[in-house]
Structures are given as structure tokens and as C-alpha cells.
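A.B. asks: Prediction below, plus the sequence it came from.
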Amino acid sequence: MTLTEELTMPTDRQSAAEHLQSDWAGIRLSFSRMGTRKTLDRQQKQTAADPFDADADYFSAGKKLLDTRAPQFRAVAKVLNKARESWQDSTLPYPEPGIRLIRQDQIETLTAKLDGLQAELAAAVATLETCYADLQDRARAKLGDLYNPADYPATLAGLFTIQWDLPSLAPPEYLMANPTLYAEQTARIKARFNEAVTLAEDAFAAELSDMIETLQRKLNGLDDGTEKRLHDSSLVNMREFFERFRGMNLHSSAELDRVVHQAEEALSGRSLIGGSAVTRDELRDSSSIRADVRTRLAGMTATLDQMMVTQPRRAITRRPKPADAPQE
């Protein structure tokens, strides 16, 4: 289906919520991993507090057990990040902490990818294990009297894992024996799916707004000399966003569909000879192409931000920046 065909489809928030409830499922992702920080015991805290004449009960202090910047540790964290990103890229938000929504026909694809990442994680942990003793030796040298061998497990095997499950988002069957409670729970779940539609719109709008703003800033910088480079990721990320939007669009907001369509058109190159997609090199080397793209993107972030402001739910979750380790 083309974007033009998509834009002719009727948009209906209630239909979108019903579609979510019937054709999507909840999926939850969690991690287990070795803790790398530990709070000091009371005596250690008091020793640390004494130079400030502070009471240990009003003083917080901890110690770092391992160097998490070590390449082997970062490799483990990278796999965990990839798992979280895969989960987020394949799902829509749901107003229950830890749960997101996935198209039922995509469950097998995502879970197979997570299983593969679990195997990749096991290999990365095995590599980390080979330098675990050396990392402990470094910690001993850095921590001095705070070093405690009891803080360190004998092995890292089994400490880092990726788990997923498919929690039910339907009223439990046992409530059917109590029609009143069953009706209340059914209405509550319906309201959550209605809210999920708003959350999906907000998430798409926030992500696209951030990417457009970043690209506009870089294009302006190429013209005034404050920017020297334009990375491929600026365009790749936007085109990946368009693909994800097509795959998970609920058609609940005609305005959002229009803005996404306009943003994709701005990078399509259809106004240029040949009509091929605009490339990084063309944007970098051609002031006229930069001007064309800037003009097409102008005003879109304001429209997107206004859409988020006017939505009933204000807590917008923007796409997270890469980190050394996923946040729980």
C-alpha cells in the first residue's frame, strides 16, 4: 500500500482502539544482570561522612564494583540495548508499565530475534568471564579498603539474561461469574486501548519532530558554516521511521498521516530531475537541494508539537538515546 492510498483510508479513533484490542497483543521484556554498584555499609558511610561532620543516617554513598567501560562489559550492554531497541521498534506503547503492543502476526518474528540476541548475549558474557578476574583485580586496586570479595559472584553464568512474555490484556475468565465486575474490568481495558491510541500518536509525533528538528539544524549549519558534516544516520533514521510508521500506523489521526506523508515527500526527490531519493551527498553539496528540503520541512515540528500539546495525555515518551546499558 502506498502512502497516497493510506491517506484515503478513513481515520477513526474508536476503530483504531478496537483494531488494537483485537489484532495486537501485549509483550513484556525484562532483563536480569549483575549489579555493578553497592551501597556502603553503615560503618563505611560514617567514615565517609566524618570529614563533613555528617550523620550516616543522612548520608548516602556507594561504590562501583567493576569498570563498566571495559570493552567486554560494554559488549554485553550493547546486546541488552539491541534487545530493548528491537522490542521498541516492533511495538507501540501501552498505558501499563513494562508492557507494549505488538501486531499478532509479528510476534514470532520478534521473539525469534530476541532468542537470537539471548544466544549473542551468552557469548558476550562468556567473553566477559575470561577477563572477570582481571576486572576484580582492578577493582581491588581502585577500591582499597572498600574492596570486599564477597561482593563478587564466583561466576557470571546465568547473571545476564533476556526474558519476554505475553501478558493477557483481556478480562480474566473467572470474573464472568460476576457480571458487574466483568463489565467494569472490560470497560477499564477498553479505556486503556483508547489511551494506547493517543500514546501511539504522541510517540510517532515526538520521534518525527525530534528527527526533523535535528535535520533542519544540520542543514542550516551547512549553509552558515557552523556544521561541517552531515551523517548518513540523519536520513537513514528518518527512512526507517517511515517504514515503521507504515507497518504500525493505526490511521487514527488524519493530521499525523498528512505530516508523515509530507516529511517523506520532502526526502523523496520527486521535485528533482530523475525523482530519486535525496542523498546525504546531495544535501551536503547542493545548496539548492538543501533549500528545497528545508522549505518542505519548515513548520512541521511546530505542527507536530501542537498535536502533542492538544492531546489529552501530556506525558510524551520520546525515543531514548543510545546508552551503555538499558535502563530498567
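C.D. replies: Here it is on my side, so go on.
A.B. asks: Ramachandran angles for the closest residue to residue 40 other than its chain neighbours?
C.D. replies: Distance criterion CB to CB, 6 or more residues apart in numbering; nearest residue to residue 40, sequence neighbours excluded, is residue 61 at 4.7 Å. C-beta coordinates here come from the backbone N, C-alpha and C atoms, glycine included. The phi/psi pair for residue 61 (degrees, to the nearest 10) reads phi -150, psi 150.
A.B. asks: Residue 61 and residue 48: what is the separation?
C.D. replies: Distance from residue 61 to residue 48, counting by CB to CB, to the nearest Å: 5 Å.
A.B. asks: got the contact list for residue 136?
C.D. replies: 66, 149, 152 (CB atoms under 8 Å, 6 or more residues apart in numbering).
A.B. asks: Just the pLDDT for the most far-flung residue of the chain relative to its centre.
C.D. replies: When distances are taken from the C-alpha mean of the chain, residue 53 lies farthest, 43.4 Å away, according to CA atoms, centre = their mean. Per-residue confidence (pLDDT) for residue 53: 87.
A.B. asks: do the same with residue 11
C.D. replies: For residue 11, pLDDT reads 52.
A.B. asks: so who does residue 62 touch?
C.D. replies: Counted by CB under 8 Å, 6+ apart, residue 62 has contacts 37-40.
A.B. asks: Now the two most distant members of the residues you listed.
C.D. replies: Maximum pairwise distance among those (CB to CB): 10.5 Å, between 37 and 40.
A.B. asks: Please say which of these two ends up with more neighbours.
C.D. replies: residue 40 (18 against 10; other CB atoms under 10 Å).
A.B. asks: tell me which of the contacts of residue 62 is nearest to residue 86?
C.D. replies: Closest to residue 86, out of all of these and judged by CB to CB, is residue 37, at 26.7 Å.
A.B. asks: For the closest one, give the beta-bridge partners.
C.D. replies: Beta bridges link residue 37 to residue 64, judged by DSSP bridges.
A.B. asks: Mind giving me the packing neighbours of the helix or strand containing residue 21?
C.D. replies: Using DSSP states H and E, residue 21 sits within helix 13-23. Helix 13-23 is packed against helix 179-224, with contacts defined by 3 or more CB pairs under 8 Å, 6 or more residues apart in numbering; DSSP states H and E.
A.B. asks: and the residue nearest to residue 40, what does it touch?
C.D. replies: The contact partners of residue 61, by CB under 8 Å, 6+ apart, come to 39-40, 44-45, 48-49.
A.B. asks: ok, back up a step: shared neighbours of residue 37 and residue 40, which are they?
C.D. replies: Residues touching both residue 37 and residue 40 (CB under 8 Å, 6+ apart) are 62-63.
A.B. asks: What lies in contact with stretch 225-240?
C.D. replies: With CB under 8 Å, 6+ apart as the test, stretch 225-240 has contacts from 208, 211-212, 214-215, 217-222, 263, 267, 277-280, 283-284.
A.B. asks: Please apply the same query to stretch 250-267.
C.D. replies: Residues contacting stretch 250-267 (CB under 8 Å, 6+ apart): 3-4, 6-7, 9-13, 15-17, 19-20, 92, 197, 200-201, 204-205, 208, 212, 235, 238-239, 242, 245, 249, 277-278, 293, 296-297, 300, 303-304, 307.
A.B. asks: and those, which are buried?
C.D. replies: With neighbours counted by 16 or more other CB atoms under 10 Å, the contacts of stretch 250-267 contain buried members at 3, 11, 16-17, 19-20, 92, 197, 200-201, 204-205, 208, 212, 235, 238, 242, 245, 249, 278, 293, 296-297, 300, 303-304, 307.
A.B. asks: Now do the phi/psi pair for residue 92.
C.D. replies: Dihedral angles (degrees, to the nearest 10) for residue 92: phi -120, psi 160.
A.B. asks: Give the bridge partners for it, please.
C.D. replies: Beta-bridge partners recorded for residue 92 (DSSP bridges): residue 101.
A.B. asks: which stretches of the stretch 1-150 of the chain form helices?
C.D. replies: 3-7, 13-23, 42-49, 71-89, 107-130, 132-143 (DSSP state H, counting those that start in this stretch).
A.B. asks: confidence score at residue 46?
C.D. replies: pLDDT, read off for residue 46, is 86.
A.B. asks: Residue 197 now?
C.D. replies: 95.
A.B. asks: Then residue 217?
C.D. replies: 91.
A.B. asks: How about it, nearest residue that isn't a chain neighbour?
C.D. replies: Among residues not flanking residue 217 along the chain, residue 227 sits closest, at 7.8 Å (CB to CB, 6+ apart).
A.B. asks: burial count for that neighbour?
C.D. replies: 14.
A.B. asks: quick one: it from residue 290, how far?
C.D. replies: In terms of CB to CB, residue 227 sits 11 Å off from residue 290.
A.B. asks: what secondary structure does residue 308 sit in?
C.D. replies: Classification of residue 308 using DSSP: H, G, I helix; E, B strand; the rest coil returns helix.
A.B. asks: Is it in contact with residue 204, as I believe?
C.D. replies: No - between residue 308 and residue 204 there is no contact under CB atoms under 8 Å: 10.1 Å.
A.B. asks: Buried residues, stretch 276-293. List them.
C.D. replies: 278, 282-284, 289-290, 292-293.
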